[in-house]
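Engineer: All I have is the shape, not the residue letters:
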């Protein structure tokens, strides 16, 4: 094999490598749980998020989180309308998103069908015309 054939073979191998990497990157797009699709909107609403977190601190309204083998129980101070997000850092397909109301009862989730490991919990609720936001990492 002469030097011209070696150069063409090397360039072909390099181009196949680049094409394979591009196909791989496009196929895995959207599976990362740590990347938000609406991060611009979240940046605009940062002041509201900050005030909601401060409301939790000022009023000592941190939810009480209990984890057992089969249940995840979250107790709020008062009845509220809430939005709960549970995200897995490893994959976005296991994420939970729940909106509901509590009427003085705790939030109960069956954790037997959830993957074991680290979860990012984000709880946003409205109670007595005030907004609250609480973030925590939990391990099931």
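Structural biologist: Looks like it arrived, so ask away. Just so it is clear, the structure is predicted and the values come from calculations on it, not from any experiment.
Engineer: list the contacts for residue 84?
Structural biologist: 74, 96, 97, 98, 99, 107, 121, 122, 123, 124 (Cβ atoms under 8 Å, 6 or more residues apart in numbering). Every C-beta, even on glycine, is put in place using the N, C-alpha and C of the backbone.
Engineer: so after the helix or strand bottoming out on mean pLDDT in the chain, what's the next helix or strand?
Structural biologist: The helix or strand of the chain with the lowest confidence, counting by mean pLDDT, DSSP states H and E, is helix 39-44 at a mean of 79. Once the chain leaves helix 39-44, the next helix or strand it forms, by DSSP states H and E, is helix 46-58.
Engineer: Find the nearest non-adjacent residue to the residue nearest in space to the middle of the chain, please.
Structural biologist: Taking Cα atoms, centre = their mean as the criterion, residue 87 is the residue nearest the geometric centre of the chain, at 3.3 Å. Spatial nearest neighbour of residue 87, excluding adjacent residues (Cβ to Cβ, 6 or more residues apart in numbering): residue 120 at 4.4 Å.
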